[in-house]
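Chemist: Pasting a predicted model and its sequence here:
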Amino acid sequence: DAGVIQSPRHEVTEMGQEVTLRCKPISGHNSLFWYRQTMMRGLELLIYFNNNVPIDDSGMPEDRFSAKMPNASFSTLKIQPSEPRDSAVYFCASSSALVGYTFGSGTRLTVV
Amino acid sequence: DQQVKQNSPSLSVQEGRISILNCDYTNSMFDYFLWYKKYPAEGPTFLISISSIKDKNEDGRFTVFLNKSAKHLSLHIVPSQPGDSAVYFCAAMGKYNFNKFYFGSGTKLNVKP
(Lines give C-alpha, C1' and ligand atoms only; values in the text may rest on other atoms or scores of the structure.)
Protein backbone atom coordinates (compact mmCIF):
# COMPACT_ATOMS: atom_id res chain seq x y z
CA ASP A 1 0.00 0.00 0.00
CA ALA A 2 1.61 3.25 -1.15
CA GLY A 3 -0.45 5.39 1.20
CA VAL A 4 -1.97 8.72 0.27
CA ILE A 5 -0.01 10.23 -2.58
CA GLN A 6 0.21 13.97 -3.08
CA SER A 7 1.83 15.89 -5.86
CA PRO A 8 3.77 18.00 -6.25
CA ARG A 9 5.79 17.92 -3.02
CA HIS A 10 6.82 21.53 -3.49
CA GLU A 11 5.31 24.26 -5.59
CA VAL A 12 6.61 27.77 -6.04
CA THR A 13 4.47 30.07 -8.10
CA GLU A 14 3.98 33.74 -8.75
CA MET A 15 1.07 35.66 -7.36
CA GLY A 16 -1.90 35.54 -9.69
CA GLN A 17 -1.06 32.17 -11.18
CA GLU A 18 -3.31 29.14 -10.96
CA VAL A 19 -2.11 26.33 -8.71
CA THR A 20 -3.40 22.76 -8.76
CA LEU A 21 -2.61 20.29 -6.02
CA ARG A 22 -3.29 16.61 -6.55
CA CYS A 23 -4.15 13.71 -4.30
CA LYS A 24 -4.56 9.99 -4.74
CA PRO A 25 -6.26 8.43 -1.71
CA ILE A 26 -5.74 4.93 -0.43
CA SER A 27 -7.69 2.44 -2.48
CA GLY A 28 -10.92 1.50 -0.73
CA HIS A 29 -11.07 4.63 1.42
CA ASN A 30 -14.35 6.42 0.83
CA SER A 31 -13.60 9.74 2.52
CA LEU A 32 -11.07 12.32 1.42
CA PHE A 33 -10.02 15.48 3.19
CA TRP A 34 -8.01 18.56 2.27
CA TYR A 35 -6.23 20.35 5.12
CA ARG A 36 -4.03 23.42 5.25
CA GLN A 37 -1.32 23.79 7.86
CA THR A 38 -0.18 27.22 8.97
CA MET A 39 1.83 28.34 11.98
CA MET A 40 -1.03 30.36 13.39
CA ARG A 41 -3.94 27.98 12.94
CA GLY A 42 -2.39 24.55 12.76
CA LEU A 43 -4.34 22.09 10.66
CA GLU A 44 -7.47 23.59 9.14
CA LEU A 45 -10.00 21.43 7.33
CA LEU A 46 -10.78 23.00 3.97
CA ILE A 47 -13.17 20.47 2.47
CA TYR A 48 -14.04 16.83 2.65
CA PHE A 49 -15.64 14.34 0.32
CA ASN A 50 -17.56 11.18 1.07
CA ASN A 51 -17.97 8.73 -1.82
CA ASN A 52 -16.68 11.45 -4.16
CA VAL A 53 -19.36 13.93 -3.08
CA PRO A 54 -18.36 17.17 -1.32
CA ILE A 55 -19.93 17.06 2.13
CA ASP A 56 -18.55 20.10 3.89
CA ASP A 57 -16.66 22.93 2.22
CA SER A 58 -17.18 25.48 4.96
CA GLY A 59 -13.45 25.66 5.54
CA MET A 60 -12.62 26.79 2.03
CA PRO A 61 -11.32 30.29 2.67
CA GLU A 62 -12.46 32.06 -0.48
CA ASP A 63 -13.97 31.56 -3.90
CA ARG A 64 -10.44 31.40 -5.23
CA PHE A 65 -10.27 27.89 -3.78
CA SER A 66 -12.05 24.98 -5.39
CA ALA A 67 -11.82 21.20 -5.03
CA LYS A 68 -13.00 18.31 -7.12
CA MET A 69 -13.11 14.57 -6.82
CA PRO A 70 -14.03 13.18 -10.22
CA ASN A 71 -13.55 9.58 -9.11
CA ALA A 72 -12.64 7.53 -6.08
CA SER A 73 -8.93 7.59 -6.82
CA PHE A 74 -8.23 11.24 -7.52
CA SER A 75 -8.87 14.70 -6.14
CA THR A 76 -7.61 18.17 -6.90
CA LEU A 77 -7.44 21.40 -4.94
CA LYS A 78 -7.17 24.46 -7.13
CA ILE A 79 -6.31 28.03 -6.20
CA GLN A 80 -6.99 30.65 -8.84
CA PRO A 81 -5.61 33.27 -8.62
CA SER A 82 -3.02 32.46 -5.98
CA GLU A 83 -1.88 35.01 -3.41
CA PRO A 84 1.16 35.12 -1.09
CA ARG A 85 -1.08 34.46 1.95
CA ASP A 86 -1.99 31.09 0.45
CA SER A 87 1.55 29.93 1.17
CA ALA A 88 1.25 26.92 3.47
CA VAL A 89 1.53 23.15 3.52
CA TYR A 90 -1.54 21.47 2.11
CA PHE A 91 -2.34 17.95 3.24
CA CYS A 92 -4.68 15.41 1.77
CA ALA A 93 -5.97 12.57 3.95
CA SER A 94 -8.26 9.62 3.37
CA SER A 95 -10.16 7.32 5.67
CA SER A 96 -12.65 4.52 5.72
CA ALA A 97 -13.10 3.84 9.39
CA LEU A 98 -13.83 5.57 12.64
CA VAL A 99 -10.23 5.69 13.73
CA GLY A 100 -7.58 7.54 11.91
CA TYR A 101 -7.05 9.45 8.84
CA THR A 102 -4.05 8.54 6.74
CA PHE A 103 -2.32 11.69 5.65
CA GLY A 104 -0.22 12.26 2.60
CA SER A 105 3.19 13.89 2.88
CA GLY A 106 1.81 17.27 1.92
CA THR A 107 2.48 19.89 -0.72
CA ARG A 108 4.46 22.91 0.38
CA LEU A 109 3.11 25.87 -1.57
CA THR A 110 5.00 29.12 -1.81
CA VAL A 111 3.39 32.03 -3.62
CA VAL A 112 5.79 34.87 -4.32
CA ASP B 1 -13.00 30.29 16.22
CA GLN B 2 -10.89 27.26 17.06
CA GLN B 3 -12.77 24.56 18.91
CA VAL B 4 -9.61 22.67 19.78
CA LYS B 5 -6.74 24.60 21.30
CA GLN B 6 -3.17 23.76 22.11
CA ASN B 7 -1.89 26.77 23.98
CA SER B 8 1.74 25.74 24.16
CA PRO B 9 3.40 26.06 20.77
CA SER B 10 6.55 24.36 22.01
CA LEU B 11 7.89 22.20 24.82
CA SER B 12 11.43 21.16 25.66
CA VAL B 13 12.13 18.12 27.84
CA GLN B 14 15.21 16.20 28.87
CA GLU B 15 15.55 12.64 27.64
CA GLY B 16 14.15 10.16 30.15
CA ARG B 17 11.79 12.66 31.76
CA ILE B 18 8.05 12.97 31.27
CA SER B 19 6.57 15.06 28.47
CA ILE B 20 3.07 16.42 29.04
CA LEU B 21 1.23 17.96 26.13
CA ASN B 22 -2.07 19.68 26.77
CA CYS B 23 -5.18 20.28 24.73
CA ASP B 24 -8.46 22.07 25.47
CA TYR B 25 -11.72 21.96 23.58
CA THR B 26 -14.88 24.00 23.68
CA ASN B 27 -17.52 21.82 22.03
CA SER B 28 -19.31 19.52 24.48
CA MET B 29 -20.50 17.40 21.54
CA PHE B 30 -17.00 16.11 20.92
CA ASP B 31 -16.78 12.54 22.05
CA TYR B 32 -13.68 11.10 20.45
CA PHE B 33 -10.19 12.47 20.73
CA LEU B 34 -6.94 11.65 19.02
CA TRP B 35 -3.31 12.63 19.05
CA TYR B 36 -1.28 12.80 15.87
CA LYS B 37 2.47 13.08 15.56
CA LYS B 38 4.17 14.89 12.72
CA TYR B 39 7.81 14.82 11.67
CA PRO B 40 9.19 17.49 9.30
CA ALA B 41 8.36 16.92 5.63
CA GLU B 42 5.92 14.14 6.51
CA GLY B 43 2.18 13.99 7.02
CA PRO B 44 0.74 13.57 10.52
CA THR B 45 0.44 9.98 11.73
CA PHE B 46 -2.04 8.60 14.23
CA LEU B 47 -0.59 8.06 17.71
CA ILE B 48 -3.31 7.33 20.25
CA SER B 49 -6.99 7.97 20.81
CA ILE B 50 -9.58 8.03 23.57
CA SER B 51 -13.34 7.82 23.65
CA SER B 52 -15.37 10.03 25.95
CA ILE B 53 -16.55 7.00 27.89
CA LYS B 54 -13.03 6.59 29.23
CA ASP B 55 -10.74 8.90 31.14
CA LYS B 56 -7.46 7.20 30.35
CA ASN B 57 -5.95 5.19 27.54
CA GLU B 58 -2.45 3.81 27.59
CA ASP B 59 -0.24 2.46 24.82
CA GLY B 60 3.32 1.74 25.82
CA ARG B 61 5.07 4.96 26.72
CA PHE B 62 2.05 7.04 25.65
CA THR B 63 -0.95 7.75 27.83
CA VAL B 64 -3.84 10.06 27.06
CA PHE B 65 -5.97 11.46 29.85
CA LEU B 66 -9.40 12.97 29.35
CA ASN B 67 -11.14 15.31 31.78
CA LYS B 68 -14.60 15.86 30.32
CA SER B 69 -15.77 18.30 32.94
CA ALA B 70 -12.80 20.55 32.23
CA LYS B 71 -12.90 19.83 28.49
CA HIS B 72 -9.24 19.04 28.68
CA LEU B 73 -7.03 16.23 27.52
CA SER B 74 -3.36 15.60 27.84
CA LEU B 75 -0.76 13.30 26.35
CA HIS B 76 1.95 11.93 28.61
CA ILE B 77 5.11 10.41 27.21
CA VAL B 78 7.21 8.49 29.70
CA PRO B 79 10.12 8.20 29.36
CA SER B 80 10.70 10.75 26.62
CA GLN B 81 13.17 9.85 23.91
CA PRO B 82 14.93 12.05 21.33
CA GLY B 83 12.96 10.26 18.60
CA ASP B 84 9.79 11.66 20.13
CA SER B 85 10.82 15.13 18.97
CA ALA B 86 8.03 16.16 16.61
CA VAL B 87 4.93 18.29 16.38
CA TYR B 88 1.94 16.80 18.20
CA PHE B 89 -1.59 17.64 17.13
CA CYS B 90 -4.64 17.07 19.24
CA ALA B 91 -7.87 16.32 17.34
CA ALA B 92 -11.52 15.94 18.30
CA MET B 93 -14.55 14.50 16.61
CA GLY B 94 -18.26 14.93 17.26
CA LYS B 95 -20.85 12.26 17.97
CA TYR B 96 -22.78 12.79 14.78
CA ASN B 97 -20.05 13.67 12.35
CA PHE B 98 -17.72 10.75 12.18
CA ASN B 99 -15.67 12.13 9.36
CA LYS B 100 -14.85 15.59 10.55
CA PHE B 101 -11.88 16.06 12.84
CA TYR B 102 -11.04 19.39 14.41
CA PHE B 103 -7.34 19.85 14.99
CA GLY B 104 -5.43 22.05 17.38
CA SER B 105 -2.53 24.20 16.24
CA GLY B 106 0.08 21.74 17.42
CA THR B 107 2.84 21.62 20.03
CA LYS B 108 6.41 21.17 18.96
CA LEU B 109 8.17 18.80 21.36
CA ASN B 110 11.95 18.80 21.60
CA VAL B 111 13.50 16.00 23.63
CA LYS B 112 17.08 16.82 24.47
CA PRO B 113 19.63 13.99 24.76
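Modeler: Okay, I see it. Numbering: from 1, shown residues only, chains lettered A, B, ... in the order given.
Chemist: From here on, just use CA atoms for contacts and neighbour counts.
Modeler: Noted.
Chemist: Centroid-nearest residue for chain A?
Modeler: A:Trp34 (3.4 Å; C-alpha atoms, centre = their mean).
Chemist: That residue is in what secondary structure piece?
Modeler: strand A:31-38 (DSSP states H and E).
Chemist: quick one: strands adjacent to that strand?
Modeler: strand A:42-50 (antiparallel), strand A:88-95 (antiparallel) (DSSP bridges).
Chemist: ok so, going back, show the pLDDT at the closest residue to the residue nearest to the centre of chain A other than its chain neighbours.
Modeler: Excluding the flanking residues, the one nearest A:Trp34 by C-alpha to C-alpha, 6 or more residues apart in numbering or on different chains is A:Cys92, at 4.6 Å. A:Cys92 is assigned 96 on the pLDDT scale.
Chemist: A:Ile26 is in contact with A:Cys92, correct?
Modeler: No. Using C-alpha atoms under 8 Å as the test, A:Cys92 is too far from A:Ile26 to be in contact (10.8 Å).
Chemist: ok and the residue in chain A nearest chain B?
Modeler: Relative to chain B, the nearest point of chain A is A:Gly42 (3.5 Å; C-alpha to the nearest C-alpha).
Chemist: Next, the contact list for that residue, please.
Modeler: A:Gly42 makes contact with A:Arg36, B:Phe103, B:Gly104, B:Ser105, B:Gly106 under the criterion C-alpha atoms under 8 Å, 6 or more residues apart in numbering or on different chains.
Chemist: for the strands paired with strand A:31-38, which one ends up most surrounded?
Modeler: strand A:88-95 (a mean of 26; mean count of other C-alpha atoms under 10 Å in any protein chain shown).
Chemist: can you give me how far that strand is from the chain middle?
Modeler: In terms of C-alpha atoms, centre = their mean, to the nearest Å, the centre of strand A:88-95 is found 5 Å from the chain centre.
Chemist: and the next element down the chain from it?
Modeler: Downstream of strand A:88-95, the first helix or strand assigned by DSSP H and E is strand A:102-103.
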